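# I'll drop the sequence and a predicted model, then ask my questions.
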Amino acid sequence: MFLWRQRGLLDTRLVRYAAYNCRKSELKTSFTHPEVPQEGIDLLARDCEVIICQNVPTVRAEILEKSKGVDALLWGGHDALNAEALDAAGPQLKAISTMSAGIDYVDVAEVKRRKIPLGHTPIVLNNAVADTAVGLLLAAARRFHEGRLKIETDKWEGGHLNWMLGQDVRDSVVGFFGFGGIAQTIAKRLSGFDIDSVLYTTRRRVSEDIEKEYNAKKVDFDTMLSQSDFVIIASPLTKETAGIFNATAFGKMKKTAVLVNIARGGVVNQQDLYEALKTNQIFAAGLDVMTPEPLPANDPLLSLPNLVLLPHLGSATQRTRADMAVIAAHNVLRGLAGEPMLSPAY
Ligand SMILES: O=C(O)C(=O)CO
């Protein structure tokens, strides 16, 4: 298991049918989100009575009511998992897993204080999220959205050699803010586009082997901003990272730079990004995440031709979501059995 994680190869095909070593002395109850893929529900149902919420989108009152008295929570959505939710479930709660990599909607300190094991589902979504990032990067660099708008508004200008020129990925310097599993999976894909090198900003340096593999160098935030042709945000949302991509940061980026965010909307000051794109302070951006989600249809961001927006589709593939459900169910079952979770969040 440790080796799979180290190599980023946590493969649910291997764990899906793994013999499970849970003590079955009594049937447990587990509460879950209405849209958790069947693979996860089936796994839970081996050892638990599964209580499934009905409403989609979720209704807070239903979550709080139906989770009352359960032994475990498989927290499928991004609803706040805080003291209120934990109190509603009750003191018998023994295990929780989210079905996400990011856990910014969880009051982790509160879960820890109550000594409840908490799992999440990183790694299995690295490929899907990396695919989304590369899609956004290419779409923003090559002006896909703007091009579509030109056709729609009858402004396709044929016969020009210098019309709608974009930025090359080849020979570019790609900067990463955060250089964990998702970022490295993006770097792996981009190496196929013959990029020049990778700069990354993180608290801790990654291993020399990883640096060598991606021709990557750890640099401070300002250096990464000023020297990168593409800047990819792949860090968790924390007190330290909230709003760090603001007017000052955009002012340090190249005018030709493209920003991609597949992490959390809160890392970016959205008003400042709007200004930076509107005034061509930076060339373009591609966002899979924003604030708030869902973004209202009248948000000014939607008026920008040089911004590609996706409605948080990072991990939204059938296989990935099924894999996330399986890992989350294993986390819950292991937590209930008093065993270490497959992917503990702390
Ligand atoms: O799992 C998560 O945290 C995601 O946001 C996937 O896109």
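On my side now, so go ahead.
# Shouldn't Ile232 be within a strand?
Yes: checked against DSSP: H, G, I helix; E, B strand; the rest coil, Ile232 lies within a strand.
# Got phi/psi on the residue nearest to it when sequence neighbours are not counted?
Excluding its sequence neighbours, the residue lying closest to Ile232 (C-beta to C-beta, 6 or more residues apart in numbering) is Val260, at 4.6 Å. C-betas here are computed from N, CA, C, even on glycine. Phi and psi for Val260, reported as degrees, to the nearest 10, are phi -130, psi 130.
# show me the contacts for Phe179.
By C-beta atoms under 8 Å, 6 or more residues apart in numbering, Phe179 lies in contact with Ala187, Tyr200, Thr201, Thr202, Val206, Ala216, Lys218, Ala234.
# Which residue is the nearest non-sequential neighbour of the fourth one?
Once flanking residues are discounted, Thr202 sits nearest to Phe179: 4.9 Å by C-beta to C-beta, 6+ apart.
# how close does the one you found get to Ile232?
According to C-beta to C-beta, to the nearest Å, Phe179 and Ile232 sit 10 Å apart.
# Nearest residue to Arg205 in space, please, no chain neighbours.
Lys218 (4.9 Å).
# For the one you found, list each beta-bridge partner.
According to DSSP bridges, the partner residues bridging Lys218 are Tyr200.
# rewinding a little: from the contacts of Phe179, which are also near the ligand?
Taking C-beta under 6 Å from any ligand atom as the test, the ligand is in contact with none of the contacts of Phe179.
# pretty sure the residue nearest to Ile232 contacts Leu138?
No: between Val260 and Leu138 there is no contact, the gap being 9.8 Å when judged by C-beta atoms under 8 Å.
# quick one: which of those two has more around it?
Comparing Val260 with Leu138 by other C-beta atoms under 10 Å, the one with more neighbours is Val260, at 29 against 18.
# Correct me if wrong: Gly335 contacts Ala95.
Yes: with contact defined as C-beta under 8 Å, Gly335 and Ala95 form a contacting pair (2.6 Å).
# Need the overlap of contacts for these two.
Shared contacts of Gly335 and Ala95, defined by C-beta under 8 Å, 6+ apart, comprise Ala72, Ile116, Pro117, Gly119, Met341.
# Phi first, then psi, for the residue in the stretch 201-346 of the chain that the ligand sits nearest to.
The nearest approach of the stretch 201-346 of the chain to the ligand comes at Gly314, 2.8 Å away (C-beta to the nearest ligand atom). Backbone torsions for Gly314, taken as degrees, to the nearest 10, come to phi -40, psi -60.
# Now do the contacts for it.
By C-beta under 8 Å, 6+ apart, the residues touching Gly314 are Leu125, Ala128, Val129, Thr132, Ala133, Ile262, Asp288, Val289.
# do that again at 7 Å, thanks
Going by C-beta atoms under 7 Å, 6 or more residues apart in numbering, Gly314 touches Leu125, Ala128, Val129, Thr132, Ile262, Asp288.
# could I get the residues you listed as CSV with neighbour count?
Supplementary listing: the contacts of Gly314 in CSV, determined by neighbours: other C-beta atoms under 10 Å:
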residue, neighbour count
Leu125, 26
Ala128, 21
Val129, 26
Thr132, 24
Ile262, 28
Asp288, 26
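# Considering only those, which also neighbour the ligand?
Leu125, Val129.
# of all the contacts of Gly314, which two lie farthest apart?
Greatest spacing in those, by C-beta to C-beta: Leu125 and Asp288 (12.0 Å).
# residues of stretch 191-201 that come out buried?
Going by neighbour count (16 or more other C-beta atoms under 10 Å), the buried part of stretch 191-201 is Ile195, Val198, Leu199, Tyr200, Thr201.
# whoops, stretch 163-182 was the one
The neighbour-count check on stretch 163-182 (16+ other C-beta under 10 Å) flags 166-167, 169, 172-182 as buried.
# State the mean pLDDT of that stretch.
Per-residue pLDDT over stretch 163-182 has a mean of 98.
# can you give me the offset of that stretch from its chain's centre?
Its chain's C-alpha centre and that of stretch 163-182 lie 18 Å apart, by C-alpha atoms, centre = their mean, to the nearest Å.
# Does at least one residue of that stretch sit close to the ligand?
No: among the residues of stretch 163-182, none lie within reach of the ligand under C-beta under 6 Å from any ligand atom; the closest is 8.8 Å away.
# For that stretch, C-alpha coordinates in PDB please.
Output of stretch 163-182 as PDB, limited to C-alpha atoms (Å, rounded to 0.1, in the frame of the first residue of the first chain):
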ATOM      1  CA  TRP A 163      -5.400  36.800 -36.400                       C
ATOM      2  CA  MET A 164      -6.100  35.100 -33.100                       C
ATOM      3  CA  LEU A 165      -2.500  34.100 -32.400                       C
ATOM      4  CA  GLY A 166      -1.900  32.300 -29.100                       C
ATOM      5  CA  GLN A 167       0.900  31.200 -26.900                       C
ATOM      6  CA  ASP A 168       3.100  28.200 -27.600                       C
ATOM      7  CA  VAL A 169       3.400  25.400 -25.000                       C
ATOM      8  CA  ARG A 170       6.600  24.100 -26.700                       C
ATOM      9  CA  ASP A 171       9.700  25.500 -25.000                       C
ATOM     10  CA  SER A 172       7.700  27.200 -22.300                       C
ATOM     11  CA  VAL A 173       8.600  27.400 -18.600                       C
ATOM     12  CA  VAL A 174       5.700  26.000 -16.500                       C
ATOM     13  CA  GLY A 175       5.300  27.300 -13.000                       C
ATOM     14  CA  PHE A 176       3.400  25.300 -10.300                       C
ATOM     15  CA  PHE A 177       2.000  26.700  -7.100                       C
ATOM     16  CA  GLY A 178       2.000  23.500  -5.200                       C
ATOM     17  CA  PHE A 179       3.800  20.400  -6.500                       C
ATOM     18  CA  GLY A 180       2.100  17.400  -5.100                       C
ATOM     19  CA  GLY A 181       0.600  14.400  -6.900                       C
ATOM     20  CA  ILE A 182      -1.800  16.300  -9.200                       C
END
